[in-house]
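K.L.:
below is the sequence, then the predicted model.
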Amino acid sequence: MIFPARTTLLASALALSLVSPAWGQNALSQAEPDSQLLSSAAFLEGHPDLRFRKRAERWYIQDQKSRAMENYRQAARFADKHSQARIAEMLWAGDGVEPDRAIAYVWMDMAAERGYQAFLARREHFWSRLDETDRARALREGIALYETYGDEVAKPRMERALIAGRRKVAGSRVGFVGSGTVFSAGPARGSGGGRPGMAGGAFEETLRNGQSFTTERFFDPAYWTPRFYWEWQLHLHTLTEHGTVEVGPLEAE
């Protein structure tokens, strides 16, 4: 079951799988995920959905479940469906948090909003296990969660972040653009808050400890143009349904 007000959004998302998007003709965009690029400081600076999810995964592995949940919630604000599903699973199982199956269902319902098959299946499983009281509560309290985390508001939030992030890369502390190359700094040293920065402040050290990418590779429209980004997300999810996609470790804080 999904919230009635969301049926149009879900139908639109499902329609993506029936068309051949323009970026699909780009061999680079169709390639397996580029772990080096996706884990670089410059890329993550402009992609808060992936940045917060990767931080959450690191905290989860370290058994810091409350910090993991906090970061999953941040990623969820930027329309990250995988993070929304992780929140649902943690709430359902009481994994480091108080169990709340009614609200877990709401989170999984949001994760399934674009029609991802794995999340749809989990959502239906959750619904089948709820009693009538929890079902009523999920439908009642889910509205407020959708108002913050649902695609209707979260996707525009992420789109603004993509546009701002792309502009910020050139001439900023997270990267340089010149001669057809983007240089991404290595992990920040002594940054306290863990925000990406120039390692040691020297360009030579950036080259040693950081990474470089061609502008064509870094600025592939699939990564930065909102319309294409959501289609790339669908492509990534399709890959994960048939295996594991590694995007590399998060830079140290």
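P.N.:
Right, received. Where do you want to start?

K.L.:
dump the strand or helix carrying Tyr223 to PDB, keeping only the CA atoms.
P.N.:
Remark: Tyr223 resides in helix 221-224, with elements defined by DSSP states H and E. Only the C-alpha atoms of helix 221-224 are listed here, as PDB (Å, rounded to 0.1, in the frame of the first residue of the first chain):
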ATOM      1  CA  PRO A 221      25.700  15.400 -17.100                       C
ATOM      2  CA  ALA A 222      24.500  12.200 -15.400                       C
ATOM      3  CA  TYR A 223      26.200  13.300 -12.200                       C
ATOM      4  CA  TRP A 224      25.300  17.000 -12.200                       C
END
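
K.L.:
where's the closest residue to Ser40 other than its chain neighbours relative to Thr148, distance?
P.N.:
Spatially, and ignoring its direct neighbours in sequence, Ser40 is nearest to Ser184 (4.0 Å; C-beta to C-beta, 6 or more residues apart in numbering). In short, each C-beta sits where N, CA and C put it, glycine included. With distances taken as C-beta to C-beta, to the nearest Å, Ser184 is found 31 Å from Thr148.

K.L.:
more neighbours, these two?
P.N.:
Ser184 (25 against 12; other C-beta atoms under 10 Å).

K.L.:
how near is the more buried one to Gln64?
P.N.:
Per C-beta to C-beta, Ser184 is found 27 Å from Gln64.

K.L.:
over to Asp80?
P.N.:
As for Asp80, its distance to Gln64 is 19 Å (criterion: C-beta to C-beta).

K.L.:
between those two, tell me which one has more neighbours.
P.N.:
Asp80 (26 against 15).

K.L.:
so that one makes contact with Leu50?
P.N.:
Yes: with contacts defined as C-beta atoms under 8 Å, Asp80 counts as touching Leu50 at a distance of 7.4 Å.

K.L.:
check which helix or strand covers Gly96.
P.N.:
Short version, using DSSP H and E: Gly96 is in no helix or strand.

K.L.:
show me what contacts it?
P.N.:
Gly96 sits next to 63, 65-66, 68-69, 90 when contact means C-beta atoms under 8 Å, 6 or more residues apart in numbering.

K.L.:
if we use 10 Å, what do you get?
P.N.:
59-60, 63-69, 90 (C-beta atoms under 10 Å, 6 or more residues apart in numbering).

K.L.:
then Arg166?
P.N.:
Taking C-beta under 10 Å, 6+ apart, we find Arg166 in contact with 46, 218-219, 223-225.

K.L.:
mind giving me CSV with these and columns for distance to Asp100 and pLDDT?
P.N.:
Below are those laid out as CSV (distance: C-beta to C-beta, whole Å; pLDDT from 0 to 100):
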residue, distance to Asp100, pLDDT
Gly46, 33, 92
Phe218, 41, 88
Phe219, 42, 88
Tyr223, 35, 92
Trp224, 36, 93
Thr225, 37, 92
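
K.L.:
which of those lies closest to Glu231?
P.N.:
Using C-beta to C-beta, Thr225 is the member of the contacts of Arg166 that sits closest to Glu231, with 9.6 Å.

K.L.:
I'd like to know how far His235 sits from Tyr223.
P.N.:
Distance from His235 to Tyr223, counting by C-beta to C-beta: 12 Å.

K.L.:
the two: who's more crowded?
P.N.:
In this view His235 and Tyr223 are compared by other C-beta under 10 Å, and Tyr223 has more residues nearby, 23 against 18.

K.L.:
relative to Val169, how far out is the more buried one?
P.N.:
Remark: distance between Tyr223 and Val169 (C-beta to C-beta) = 11 Å.
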